[in-house]
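Student: Could you work out the structure for the sequence below:
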Amino acid sequence: MALPAAGRRLLAGPLGTPAVLLAAEILRGPRTRRYLLTRVERRLRERLAHPPVPPPWRARDRERTLLALGALRSLDRTLARGTISPHVLRAIVPLWGRAGLVANRETRQGRRFAREHRAPPPWFLVLAPTQACNLRCPDCYAAAGANVHLPWPILDRVLAEARERWDARLVVLSGGEPLLYGSEGHDVLDLVARHRRFLYLMFTNGTLITPEVAQKLAVLGNLTPAISVEGDEEETDRRRGKGTFRRIQQAMAYLRTHGVPFGISVTVTRDNVGAVLSDAFLDLFFEEEGAFYGFLFHYMPIGRGPEVSQMITPQERVELWRRSWDTVEKRGIFLFDFWNSGPVVQGCLAAGREGGYLYIDWNGDVFPCVFVPYRGANVVEAYARGETLDEVWEAPLFARLRDWQRGYGYGAPTPARDGDWLRPCPMRDHHAELRELLHGLPDNSLPVPDPDVAAALDAFDAELATLTTPIWRERYLGGGGSQAEDRVRTVAP
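Tutor: Residues are numbered from 1 along each chain as shown. From the prediction side, this is the model:
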């Protein structure tokens, strides 16, 4: 669904901001909004009925179109409820317009990076500026809790370079709990205020969102919180602590009052996989609480107290894939599953590939991904050597993973028969291959993979391949898939 070249030039040029501000004003009026959104929805549904791409890309194009429809209907619901303020709308529409429709590879910074590195730059960064957290979830992937913060000058420079050198568009804030960040008198919202040309997505436990924080977010206008939930009150409090769910609901009420759009983030485990995406779950968070979007993360056995028994099974994962697309299509919800949505983004987003990201934690350690706990570089050390984020991007671990991504079909003119993007993750879906990539790397901070976790992931990978490969080849490459999906449904729990 590429924007025509003339449209991209308009948005990238001096008339781009006035054009999208005009669109924001149109969206505020009920009649003009209905007219505009109806026309856009009609075009998207025409695309579903008559896909303008060859068969190997049609399933992926369909999923992208369904997500666009989900975002459109979510926007319509939010505007109709009046839970996005005019100021936030004016702030966020230009940022999303430029971020989503004009690729950073087409800008001056992107072209400079491509000339020097023979590849486009990353599209976003994930930053965990602090390890501090006010909760103690028993199996936190980040082992959050210690009062460690990335120094403000480093954090400030990282964002400045990401804009100046890469023209990155999005900053994802994680943790720890980002709202506990503090360094040299600055908090995380000071960072957002200082670097206003980014969009910000903040993963938060929600318990520190007060009326004052919600008001600050409304004034900033360029940050949306994704609040972590596990399901209903019983499920959320079981993992996050008694009383957490009620505090989350209060935080959502504050955000609605101040017109700040928010979403939810769910860690899918063996305990809650049956409840996630149930009608009761969807009604609670998307109808009653008014969440704009939802992210699904499959439990990964890393961090504090890893438990392989909490991983969903391969059968549950495939069933979750089916249910998530049913939800997007039938309920009109923007829902992104960071494993099962692999075909939408052509596989793994890690290691700084085009459209992807690098992850920097509170120590300045740089990882290919939040869920790949192997350090490739350290930004504090790189800056001390006089280097920039460009040299961090060139680290051997990241280069090896980008080579692996290309070998698995990313960037190919057509999807590869053996490049199953339903299994995009080197850590979870190709763990043996990841261990091979780690051999001989110069960074001695790489931890030794836990043999029990490695064995469990290897077994998971082998079984998952038997389930997704037929779906990949029939549905995504061949345009069919019903027989493969039916076979999986017969064994799904």
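Student: any low-confidence regions in this structure?
Tutor: Along the chain, segments meeting pLDDT under 70 span 1-24, 142-144, 443-448, 479-493.
Student: in it, what residue sits furthest out from the centroid?
Tutor: Among the C-alpha atoms of the chain, the one farthest from their average position, using CA atoms, centre = their mean, is that of residue 31, at 32.7 Å.
Student: Show me the helices in the stretch 351-493 of the chain, by range?
Tutor: 379-384, 389-393, 396-407, 431-438, 451-471, 482-491 (DSSP state H, counting those that start in this stretch).
Student: Quick one: closest of the ones you listed to residue 306.
Tutor: helix 451-471 (6.1 Å; CB to CB). Bear in mind the C-beta positions are built from the backbone N, C-alpha and C, glycine included.
Student: mind listing what's buried in the closest one?
Tutor: Using 16 or more other CB atoms under 10 Å as the test for burial, helix 451-471 gives 453, 456-457, 460-461, 464-465, 467-471.
Student: And for stretch 48-64?
Tutor: Taking 16+ other CB under 10 Å as the neighbour-count basis, stretch 48-64 is seen to contain the buried residues 51, 56-64.
Student: mind listing which of the residues you listed are in helices?
Tutor: Within those, membership in helices is found for 56-64, as judged by DSSP state H.
Student: ok, those vs residue 97, which is closest?
Tutor: The closest of these, once distances to residue 97 are taken by CB to CB, is residue 64, at 17.4 Å.
Student: That closest one and residue 84: what is the separation?
Tutor: With the distance defined as CB to CB, to the nearest Å, residue 64 ends up 24 Å from residue 84.
Student: My read is that residue 55 contacts residue 478, right?
Tutor: Yes - Residue 55 is in contact with residue 478 according to CB atoms under 8 Å; the separation is 7.2 Å.
Student: Checking my notes, residue 147 in a strand, right?
Tutor: No - assigned with DSSP: H, G, I helix; E, B strand; the rest coil, residue 147 falls outside any strand and is coil.
Student: ok, it - contacts?
Tutor: Taking CB atoms under 8 Å, 6 or more residues apart in numbering as the definition of contact, the neighbours of residue 147 are 130-132.
Student: By neighbours, which of these wins?
Tutor: residue 130 (28 neighbours; other CB atoms under 10 Å).
Student: That residue touches residue 173, doesn't it?
Tutor: No - using CB under 8 Å, residue 130 makes no contact with residue 173, being 9.8 Å away.
Student: quick one: buried residues of whichever strand or helix holds residue 237?
Tutor: Counting by DSSP states H and E, the secondary-structure element that holds residue 237 is helix 233-240. Applying a neighbour-count criterion of 16+ other CB under 10 Å, the buried positions in helix 233-240 are 233, 235-240.
Student: how about the CA coordinates for stretch 76-84, as CSV?
Tutor: Extracted in CSV, the C-alpha atoms of stretch 76-84 (Å, rounded to 0.1, in the frame of the first residue of the first chain):
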residue,chain,number,x,y,z
ASP,A,76,-13.1,6.5,14.2
ARG,A,77,-14.2,5.0,17.6
THR,A,78,-11.7,7.1,19.5
LEU,A,79,-12.7,10.3,17.8
ALA,A,80,-16.4,9.5,18.2
ARG,A,81,-15.9,8.9,22.0
GLY,A,82,-14.1,12.2,22.3
THR,A,83,-11.1,10.5,24.1
ILE,A,84,-8.4,12.2,21.9
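Student: before we move on, back to that, my guess is the residue farthest from the centre of the chain is in a strand, correct?
Tutor: No - residue assignment for residue 31, taken from three-state DSSP, gives helix, which places it outside any strand.
Student: how near is it to residue 37?
Tutor: Residue 31 sits 11 Å away from residue 37, going by CB to CB.
Student: How about residue 54?
Tutor: Relative to residue 37, and taking CB to CB, residue 54 is found at 29 Å.
Student: Check residue 399 too.
Tutor: Distance from residue 399 to residue 37, by CB to CB: 43 Å.
Student: need the strands for the stretch 51-200 of the chain, in chain order.
Tutor: Using DSSP state E, counting those that start in this stretch, the strands of the stretch 51-200 of the chain run over 124-127, 170-173, 199-204.
Student: Dump the ones you listed to a markdown table, plus distance to residue 255 and mean neighbour count.
Tutor: As requested, those are exported to a markdown table (distance: least, CB to CB, whole Å; neighbours: other CB atoms under 10 Å):
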| stretch | distance to residue 255 | mean neighbour count |
| --- | --- | --- |
| strand 124-127 | 22 | 24 |
| strand 170-173 | 16 | 22 |
| strand 199-204 | 11 | 22 |
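Student: okay if I get the ones you listed as a markdown table plus distance to residue 298?
Tutor: Converted to a markdown table, the strands of the stretch 51-200 of the chain look like this (distance: least, CB to CB, whole Å):
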| stretch | distance to residue 298 |
| --- | --- |
| strand 124-127 | 17 |
| strand 170-173 | 18 |
| strand 199-204 | 15 |
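Student: Residue 356: which of those strands is closest?
Tutor: strand 124-127 (7.7 Å).
Student: So what touches that closest one?
Tutor: In this structure, residues lying in contact with strand 124-127 by CB under 8 Å, 6+ apart are 150, 155, 158-159, 162, 168-174, 356-360, 370.
Student: that older thread, mind putting the helices of the stretch 351-493 of the chain in TSV, distance to residue 251 included?
Tutor: Written out in TSV, the entries for these read as follows (distance: least, CB to CB, whole Å):
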stretch	distance to residue 251
helix 379-384	31
helix 389-393	33
helix 396-407	36
helix 431-438	36
helix 451-471	34
helix 482-491	38
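Student: closest one to residue 195 among those helices?
Tutor: helix 389-393 (14.1 Å).
Student: which helices and strands does that closest one pack with?
Tutor: In terms of contacts (3 or more CB pairs under 8 Å, 6 or more residues apart in numbering; DSSP states H and E), helix 389-393 is packed against helix 108-117, helix 152-166, helix 379-384.
Student: ok, and for the last one, which residues are buried?
Tutor: Okay, so that is helix 379-384. Going through helix 379-384 with 16+ other CB under 10 Å, the ones that come out buried are 379-380, 382-383.
Student: contacting residues around it?
Tutor: By CB under 8 Å, 6+ apart, the residues outside helix 379-384 that reach it are 151, 154, 157-158, 360, 363-364, 366, 388-389, 391-392.
Student: what's the following helix or strand after the helix holding residue 237?
Tutor: Using DSSP H and E, the next helix or strand after helix 233-240 towards the C-terminus is helix 244-258.
Student: what sits up against that following helix?
Tutor: The contact list for helix 244-258, computed with CB under 8 Å, 6+ apart, reads 81, 83, 85, 135, 205-207, 209-211, 213-215, 217-218, 225, 227, 229, 232-233, 236-237, 261-262, 289-291.
Student: Could you turn the buried ones of the residues you listed into a PyMOL selection?
Tutor: This is how PyMOL selects the buried members of the contacts of helix 244-258, with burial counted by 16+ other CB under 10 Å:
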select buried, resi 83+85+205+206+207+209+213+214+217+218+225+227+229+232+233+236+237+261+262+289+290+291
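Student: Just the contacts of helix 244-258: which are in helices?
Tutor: Using DSSP H, the subset of the contacts of helix 244-258 located in helices is 81, 211, 213-215, 217-218, 233, 236-237.
Student: how about these, which pair is most distant?
Tutor: With distance counted by CB to CB, no two of the ones in helices among the contacts of helix 244-258 lie farther apart than 218 and 237, which are 28.4 Å apart.
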